[in-house]
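**Student:** Here's a sequence, model it:
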Amino acid sequence: MVSRSRKRRGLLIGVLLSAVVGGTVQPAIAAPVRDAGKQATPSGRSPVRSAEQEIARALSASLADPWWREQVRAAALGTRNVDLQALTGGTAAAEGRNLFASVSAADRRIAGLKGLPASTGSLLRVRLAASSMRSHLNAGVTPWIAVAAADDDAGSITAYDRQGRAHSVDTARVPDRPLYILDIDVTKAHRAGLKVLRKAFADKGLTSLPSKTANSADSASAAGWWATKVTAVEVDDDQEPWFKGAAEMFSLVTGFGQDGTARVDSVDMPYLDYDGTVYYPNQILVNWSNYKYNLADVVMMEDDDGTNYRALAQAITTALLTVTDQGAYIPLVNAVLSAIPDSWFTDDPDYVESWYTLARNASGRLNGASGNGWMTVEPYFVEEF
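**Tutor:** Numbers count the residues shown, from 1 in each chain. Take a look at the predicted model:
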């Protein structure tokens, strides 16, 4: 997982809107950093996390049944992430069956809180917190259940035993006692969320099709289109906590479309799971036929399990629709951040890295603006059949 420190949170909306227009390059304006802790509810806990903790307590109490506890243990040892709704719905153990209705209701509630359609299905999952706990789990010790902290820098997380008692677990080291982490299937939520974003952008005309006369000066445009391809990428952040699962990464590419309307395209990067690792995806990042100018900006983000995609889409579209193509760079960062209420988010995605003024002819290594990552790119022509 690529984790982020608290100081990087909250930058994403302002940075992604720093589009370059008219071919004029201006220095990026620093955005104010908002404390991630302010994204929660007034009680200090997001509705998504509250739903997770309710199920965590119920699951911990259910493990008093040896038969059901063994089924959960076998599932956790057999796969990295266990679909809790499927597990409770398919068991013959009474304690497990009794959980099914609550888990299903929590899945629906969480989907709604994240701005996802009901068709998203089951979201809650259970996993063994660390592979080093396998031997303790095999020894027959009853595990505790915990919900991963929203803050990657949290000094402790709360775990529940089968009597429902809460225990503080130090995050500085992996505990000896086996621990199940209950969280959200971020992969499924992320993919469903990107569909929500793309539909919202399309409905508001922010992903309009390129004009038939676009790039008319380019003799090759009729036979294909130019793209920027990522040949290698690495994110450098060593703050990975043991209680977090794998990351789900995506990037937003912004600029002005052929019709002069601000445009944003989301690019899924499912391979980018670990920091300090170089990946070689050969992935198309920018389709230049969609853009009026030969410059665009890129923002890379990591999805959090509390992300409200509907609110995120509304914030982005509301801000972008106020922007008009005036043939000059328009600084938007501070104005947009000030316009977005904290209450719109249950837990915002983490800002990872950004690249300003990515040019159509860019080639070679490009370091990110915050010094947290780099990528190598090259122009690439996509031929039509």
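
**Student:** which residues of the chain score low on pLDDT?
**Tutor:** 1-45, 150-153, 208-222, 237-242, 244-247, 304-306, 320, 322-350 (pLDDT under 70).

**Student:** And the helices in it?
**Tutor:** Per DSSP state H, the chain carries helices over the ranges 12-16, 47-62, 66-78, 84-90, 94-113, 134-138, 186-203, 309-320, 333-339.

**Student:** Select, out of those, the one closest to Val286.
**Tutor:** Minimum separation from Val286 across these (Cβ to Cβ) falls at helix 12-16, 13.9 Å. Any C-beta I mention is one placed from the backbone N, CA and C, and that applies to glycine too.

**Student:** tell me the contacts of Arg191?
**Tutor:** Arg191 makes contact with Asp268, according to Cβ atoms under 8 Å, 6 or more residues apart in numbering.

**Student:** Now do it against Leu295, distance only.
**Tutor:** In this view, Arg191 and Leu295 are 29 Å apart by Cβ to Cβ, to the nearest Å.

**Student:** Likewise for Ile157?
**Tutor:** Distance from Ile157 to Leu295, by Cβ to Cβ: 44 Å.

**Student:** okay, now the domains of the protein?
**Tutor:** Here the domain parsing of the chain from automatic domain parsing is 6-40+187-383, 47-185.

**Student:** ok so, going back, and Asp275, which of the helices of the chain is closest to it?
**Tutor:** helix 186-203 (16.4 Å).

**Student:** how about the CA coordinates for the closest one, as CSV?
**Tutor:** The C-alpha trace of helix 186-203 is given here as CSV (Å, rounded to 0.1, in the frame of the first residue of the first chain):
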residue,chain,number,x,y,z
VAL,A,186,-11.5,-0.6,-1.8
THR,A,187,-10.9,-2.2,-5.2
LYS,A,188,-14.6,-2.7,-5.8
ALA,A,189,-15.6,0.7,-4.4
HIS,A,190,-12.8,2.4,-6.4
ARG,A,191,-13.9,1.0,-9.7
ALA,A,192,-17.6,1.7,-9.0
GLY,A,193,-16.6,5.2,-7.9
LEU,A,194,-14.6,5.9,-11.0
LYS,A,195,-17.8,5.1,-13.0
VAL,A,196,-19.7,7.6,-10.9
LEU,A,197,-17.0,10.3,-11.6
ARG,A,198,-16.9,9.6,-15.3
LYS,A,199,-20.7,9.7,-15.6
ALA,A,200,-20.9,12.9,-13.7
PHE,A,201,-18.2,14.5,-15.9
ALA,A,202,-20.0,13.3,-19.0
ASP,A,203,-23.4,14.5,-17.9
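
**Student:** Would you pull up how far it lies from the middle of the chain?
**Tutor:** 11 Å (Cα atoms, centre = their mean, to the nearest Å).

**Student:** Equivalent analysis for stretch 118-130, please.
**Tutor:** For stretch 118-130 - counting by Cα atoms, centre = their mean - the centre lies 15 Å from the chain centre.
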